[in-house]
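> Pasting a predicted model and its sequence here:
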Amino acid sequence: MTLTDIALVIFTFLLLAYAVYDEFIMDKKNGKTLLRVNLQRRNKIDAIIFIGLVAILLYNNVNAHGSPITTYLLISLGLVAFYISFIRWPKMLLKPTGFYYANIFIHYARIQTMNLSQDGVLVIQLEQKKLLVRVSELDDLERIYKVMVSYQ
């Protein structure tokens, strides 16, 4: 196994571990999930570029009669990247003591202010940072507000 194959195994494993954490483990941490809200997908162009680069590497490996294990590893990396980018939805999980946003748990006590912009973006001001929550359905904003007010 070459250094390239080892790097492909490591990166594929890390992406797969992230996908499992995001889909199954995060839902179980920090109490019962009160509300799960799908957010808008972002950075589609970056994902397309990454998958395109993996496809170019796969083509070069097959064309140069490279190692079959490298071919399989590139295919698996491309499939996991495709799943993370286009099948999985980014989400916001609201729990009794806080919420998950971008896979980070934030306690309700850290919220300074909440505002709603005209284009439907919920702006949550923390101590030093603003979170811009872009939901996929505008009806979810009202449900987020109700859960946050009742548990804060």
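Sure thing, it's come through.
> Summarise which helices and strands the one helix or strand residue 13 maps to is packed against.
Taking DSSP states H and E as the definition, one finds residue 13 inside helix 3-20. Under the contact criterion of 3 or more CB pairs under 8 Å, 6 or more residues apart in numbering; DSSP states H and E, helix 3-20 touches helix 68-82. Placement of C-beta: from N, CA and C, glycine included.
> Please list the outside residues in contact with the helix it packs on.
Residues outside helix 68-82 that contact it (CB atoms under 8 Å, 6 or more residues apart in numbering) are 1-2, 4-5, 8-9, 11-12, 15-16, 19, 47, 50-51, 54-55, 57-58, 61-62.
> For this protein, just list every one of the strands.
35-38, 91-94, 98-101, 104-107, 113-116, 121-125, 130-134 (DSSP state E).
> Next, the buried residues of the last one.
Neighbour-count burial for strand 130-134 flags 131, 133 (criterion: 16 or more other CB atoms under 10 Å).
> Give me the contact list for that strand.
The contact list for strand 130-134, computed with CB under 8 Å, 6+ apart, reads 39-40, 42, 92, 101, 106, 120-125, 144.
> Write the PyMOL selection for whichever of those residues are buried.
Of the contacts of strand 130-134, the buried ones go into a single PyMOL selection, burial set by 16+ other CB under 10 Å:
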select buried, resi 39+92+101+106+122+124+144
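> Thanks a lot, catch you later.
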